[in-house]
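Q: Need coordinates for the below:
(chains A, B, C and D)
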Number of protein chains: 4
Amino acid sequence: MGSFKGHALPGTFFLLAGVWWGMKHSLCFATRRSKSCSRVSSRASQRRLELVEGSAVLFCSVVGMLLEQFAADGPALQLYDSSEHHWRFLMNWQHSTMYLFFALSAAVSLVVQSSEAAPLALDRLMLAVAFFNEGFLFLYHLHGRSPLDVHVHQLLLFCVFGLALLCFLEIFHRGNLVLELLRCTLTMLQGSWFWQIGFVLYPPSGLLWDQTDHNNLMFVTMCFSWHLAFAMLTISGIYAAVTCVVRSRLRRTPPMEMGLLKPRDGEPESEDEIL
Amino acid sequence: MGSFKGHALPGTFFLLAGVWWGMKHSLCFATRRSKSCSRVSSRASQRRLELVEGSAVLFCSVVGMLLEQFAADGPALQLYDSSEHHWRFLMNWQHSTMYLFFALSAAVSLVVQSSEAAPLALDRLMLAVAFFNEGFLFLYHLHGRSPLDVHVHQLLLFCVFGLALLCFLEIFHRGNLVLELLRCTLTMLQGSWFWQIGFVLYPPSGLLWDQTDHNNLMFVTMCFSWHLAFAMLTISGIYAAVTCVVRSRLRRTPPMEMGLLKPRDGEPESEDEIL
Amino acid sequence: MGSFKGHALPGTFFLLAGVWWGMKHSLCFATRRSKSCSRVSSRASQRRLELVEGSAVLFCSVVGMLLEQFAADGPALQLYDSSEHHWRFLMNWQHSTMYLFFALSAAVSLVVQSSEAAPLALDRLMLAVAFFNEGFLFLYHLHGRSPLDVHVHQLLLFCVFGLALLCFLEIFHRGNLVLELLRCTLTMLQGSWFWQIGFVLYPPSGLLWDQTDHNNLMFVTMCFSWHLAFAMLTISGIYAAVTCVVRSRLRRTPPMEMGLLKPRDGEPESEDEIL
Amino acid sequence: MGSFKGHALPGTFFLLAGVWWGMKHSLCFATRRSKSCSRVSSRASQRRLELVEGSAVLFCSVVGMLLEQFAADGPALQLYDSSEHHWRFLMNWQHSTMYLFFALSAAVSLVVQSSEAAPLALDRLMLAVAFFNEGFLFLYHLHGRSPLDVHVHQLLLFCVFGLALLCFLEIFHRGNLVLELLRCTLTMLQGSWFWQIGFVLYPPSGLLWDQTDHNNLMFVTMCFSWHLAFAMLTISGIYAAVTCVVRSRLRRTPPMEMGLLKPRDGEPESEDEIL
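A: This next block holds a predicted model:
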């Protein structure tokens, strides 16, 4: 997958995921705050949002796996060349494995949201495992590459392991907006950094970067900080826009049904807070 | 213990432990949820389960220690060869030490469950110490081995230290199903990875792997991810099966005794949640 | 910025910040304890304090960025020398980036304190990100320098990453005096250590230190401990002085209005404790 | 301080501290559990215990500092030899600094226990800082020593940094017996390991160990595990003995005053649990 497109594809995916999460969590927080909004409807619509999200992630991950396997130069499920006694297409297989874990995470999210058999926090655990697995495979991915190549991927690891840790923390602090916004930010950072890696290692202009110049390494490090600042500003903008829209809507619709509707049943509501 | 059998034995032990824990925690969670089931009986039977488990672990650990010491090529409690002034059988002694800590952990679990003199959370602490000790000894175990040998054991460390951390977290979040399922998964992963180490380093087919080929290292890394996915699927299957069985049982027996039985005494119940 | 002044400037800034925070948190804790003091007024004045603090930090950070860019030997927004194809003034740009994150943190603090649209804990998150970013840039800052230079900056990293972790913890434990005093202490430590770095690397006396002597490294390590002890003593002194002043004041003014004033509205009060 | 005595002295100190803490925390837990015992008296006597402990630690630390400075081959407050332009007695000064932080910790503990001006949790924070400082100085202490020497001190670091982390955790989970027993265990481990270091590096028998033999390193690693097991068994024994004694005492004295005595005032009691 060592190509510009191979980095732009997951980059776009993560950028969209970051924006989507930013909108979802801002919306949930804004509606949760304004108590005039009936809780039952918000809860049901939130569940529908989660199901749509899970299906989309599952679909994208499966497409990603199929692309890795059956694209022009893919392994087509072949792993070991028994005539020459060596492994083939290890890169493609590793990327397929990364997609597999995101697919598993999405599948668990669908099960958890549609039935009530398992605790809600399982979806965050699976997301944490998926990010950890991505970082874990990248960690042993870098043997024998040029210094600049190693460096840009190492910076990515800060982001990926940070995401894994954050999702793990959310098992215990579900619904904490601060953690959720940080997760959105880091997901966007990961997306835009994949694009940056594509531009640095496979420049579309054709002008290759010097892979060993220390100044390039230092510039790239600073560039990572700028991407982080950019991601923070984007998420802030999304949060501000969503909050404004929700507020102006609520001002127009008088809170007439307040007090009439109660949470359907206490069980899942409390579980959401406890687990 | 550098042999296929020497890795298959603890591997089988951890696989069984993972499956057992998966069944136990799923059962506890399912019965806790269905309130029709009387809490006293479930609590007493849970305590009995814990005692059986503790005894089994204690028995296995002691057998493991004896095997390491008195097997054909074991030290038989001899450690220092004073005629030649050097240590002997250090490997066997290190493995005995690992078993010793699991035996201590099982003994503490028995004491904690059978009397009420000590806080319940002590058993998780001792388990965390036992896993930490295993990882600690493996960490300084790898000097001067081939790259592949070092790598497969390093991957094991992710799993072992992860388990130690997880058990430590359970001191504060006892009874959190998400953490418990993750512990089951990592225990199964450890078991199946021991088998994998046996196959890689001492292949029964006799065809030795190239110990320095970087592609082998990369394949083995990916293989670890697959073992993790396999362990997650197995534990999910166990959880689903247990939940289904408990539900179908409860539907048949009407909840007639509901409300009649109360928790015997508040003390141990609350302690379970607090500590 | 490799000069004595370039280290003394941020050093002074952090020293003042540490003293200021020490006074602020001691005052808040002392007034919170003495219940005779009306809570509404204390809350309003606390909010005013936060606004003043945010504005000051924002002003200083922007001035720092401008100084780095437009001082005598600064880049004046120039980054890439396209005629010679290499990066220029990377150091100044990295320092500007550090200031940028502190400016962002101050801006978010102003928004969070003046409106009620976002959760309060966001300001601690942004502070954690700003400190993390500072440490992150320093981490890749040290390539090819002398051992002593690397060592004094590495010691700084203990302090900076410690601060980042501490601010992150405060997201969950807001208002915990112990964490707040530790944050003041580490901030003062960072300030005085910047001064120390200036004295070690650019001695005003002109007598250069031997950059490779191991004894110098060992002395500098111990010196870091002494700075820590000094910072702890200063913060203790500030805390003791503030507590005494508050107590003597309260003794003179009789608690006449007790019970008349209630918290204005429950919402923001509870949020302060929860988020 | 590179001598057998120089390691035996702090070793004995930490062993005694471990035993003392084990007895104190077991006693507190046993009396807290048996509700017949009046809470006021237990609280007052606990405070007295803490004051005695703080004074003893303060005394020992000051004596340690004086010994390091004014013993036969000590620096007597001299640090820099300006005639030869190099640092002198750096080792002694580093050890003095370690003692200084324990003295500060004891002083803060005395203040916190005798007045009510500061939150109780400050004593744990200071203890964490003292242990961290010890580990921090040891970390940069090991340059240019033999492999065995470095190894035994590195193992010590596991213990010291573990203690620092544990004390930091106790800020949030004060009075959690499991954490307290683990702290006692690690403190005893540190003490007995200091003795072991003395025996390995300065054997009283005069037979020097081979400082570079890898087998010695592996034996020493295993030995550390044994010390840990020994410390755990000792603390378990102390806990069992104290619990038995308290129980047999309580059975003899009938709980006649139950219900008559109430906690003196709610304030400090709740603070103990919250902070």
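
Q: Please count neighbours and contacts with C-alpha atoms only from this point.
A: OK.

Q: what comes up buried for stretch A:202-215?
A: A:202, A:211 (16 or more other Cα atoms under 10 Å in any protein chain shown).

Q: got the end-to-end distance for that stretch?
A: Start and end residues of stretch A:202-215 are separated by 19 Å (Cα to Cα, to the nearest Å).

Q: What parts of chain A come near chain B?
A: A:86-87, A:90, A:94, A:97, A:101, A:117, A:119, A:121-122, A:125, A:133, A:137, A:140-141, A:275 (Cα under 8 Å from any Cα of the partner chain).

Q: how about the strands in the stretch 1-150 of chain A?
A: Counting by DSSP state E, counting those that start in this stretch, the stretch 1-150 of chain A has strands at residues A:80-81, A:86-87.

Q: PyMOL command to pick out the buried ones of the residues of chain A next to chain B?
A: PyMOL command restricting the residues of chain A next to chain B to the buried ones, with burial defined by 16+ other Cα under 10 Å:
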select buried, chain A and resi 90+94+97+101+119+121+122+125+133+137+141+275
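
Q: tell me the two of the residues of chain A next to chain B that are most distant?
A: Across these, the longest distance by Cα to Cα is 46.7 Å; it joins A:H86 and A:L275.

Q: thinking again about what came up before, let me have the strands of the stretch 1-150 of chain A in a markdown table, extended by mean pLDDT and distance to chain C.
A: As requested, these are exported to a markdown table (pLDDT from 0 to 100; distance: least, Cα to the nearest Cα, whole Å):
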| stretch | mean pLDDT | distance to chain C |
| --- | --- | --- |
| strand A:80-81 | 77 | 40 |
| strand A:86-87 | 79 | 36 |
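
Q: where do the helices sit along the stretch 51-200 of chain A?
A: Under the criterion DSSP state H, counting those that start in this stretch, helices of the stretch 51-200 of chain A are mapped to A:90-114, A:122-139, A:147-172, A:177-201.

Q: Tabulate those in CSV, adding columns for mean pLDDT.
A: Shown next, in CSV, are these (pLDDT from 0 to 100):
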stretch, mean pLDDT
helix A:90-114, 92
helix A:122-139, 95
helix A:147-172, 94
helix A:177-201, 95
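
Q: and the ones you listed as JSON lines, adding distance to chain C?
A: Shown next, in JSON lines, are the helices of the stretch 51-200 of chain A (distance: least, Cα to the nearest Cα, whole Å):
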{"stretch": "helix A:90-114", "distance to chain C": "26"}
{"stretch": "helix A:122-139", "distance to chain C": "18"}
{"stretch": "helix A:147-172", "distance to chain C": "10"}
{"stretch": "helix A:177-201", "distance to chain C": "6"}
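
Q: Could you save those as TSV and add columns showing distance to C:E50?
A: Converted to TSV, the helices of the stretch 51-200 of chain A look like this (distance: least, Cα to Cα, whole Å):
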stretch	distance to C:E50
helix A:90-114	41
helix A:122-139	35
helix A:147-172	28
helix A:177-201	19
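
Q: Tell me which of the ones you listed lies nearest to C:S225.
A: It's helix A:147-172; of the helices of the stretch 51-200 of chain A, that one is closest to C:S225 (Cα to Cα) at 29.1 Å.

Q: helices and strands around that closest one, which ones?
A: helix A:122-139, helix A:177-201, helix A:214-252 (3 or more Cα pairs under 8 Å, 6 or more residues apart in numbering or on different chains; DSSP states H and E).

Q: With distance to B:A30 as new columns, can those helices be given to me in JSON lines?
A: Shown next, in JSON lines, are these (distance: least, Cα to Cα, whole Å):
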{"stretch": "helix A:122-139", "distance to B:A30": "15"}
{"stretch": "helix A:177-201", "distance to B:A30": "30"}
{"stretch": "helix A:214-252", "distance to B:A30": "39"}
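
Q: Out of the ones you listed, which gets nearest to chain D?
A: Of all the helices and strands packed on helix A:147-172, it is helix A:177-201 that lies closest to chain D, at 20.3 Å by Cα to the nearest Cα.

Q: Measure how far the closest one is from the centre of its chain, please.
A: Centroid separation for helix A:177-201 versus its chain: 8 Å, with Cα atoms, centre = their mean, to the nearest Å.

Q: do the same with stretch A:134-154
A: 20 Å.

Q: Now tell me what touches it from outside.
A: The contact list for stretch A:134-154, computed with Cα atoms under 8 Å, 6 or more residues apart in numbering or on different chains, reads A:94, A:98, A:157, A:160-161, A:197, A:201, A:211-212, A:216-217, A:220, B:218, B:221-222.

Q: Which PyMOL command selects the buried ones in these?
A: To isolate the buried members of the contacts of stretch A:134-154 in PyMOL, using 16+ other Cα under 10 Å:
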select buried, (chain A and resi 94+98+157+160+161+197+201+211+216+217+220) or (chain B and resi 218+221+222)
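
Q: Taking the contacts of stretch A:134-154, tell me the two that lie furthest apart.
A: The most widely separated members of the contacts of stretch A:134-154, counting by Cα to Cα, are A:N216 and B:M222 (31.2 Å).

Q: Quick check: the closest residue in space to A:Q69 that isn't next to it in sequence vs A:A103, distance?
A: Setting aside the residues directly before and after it, A:Q69 is nearest to A:A76 in space (Cα to Cα, 6 or more residues apart in numbering or on different chains), at 4.8 Å. A:A76 sits 19 Å away from A:A103, going by Cα to Cα.

Q: Those two: who's more crowded?
A: Neighbour count, other Cα atoms under 10 Å in any protein chain shown: between A:A76 and A:A103, A:A103 has more, with 27 against 16.

Q: Ignoring the adjacent residues along the chain, who's closest to that one?
A: Closest to A:A103 by Cα to Cα, 6+ apart is A:L58, at 4.9 Å.

Q: For the one you found, list the residues it contacts.
A: Contacts for A:L58 (Cα under 8 Å, 6+ apart) come out as A:102-104, A:106-107.
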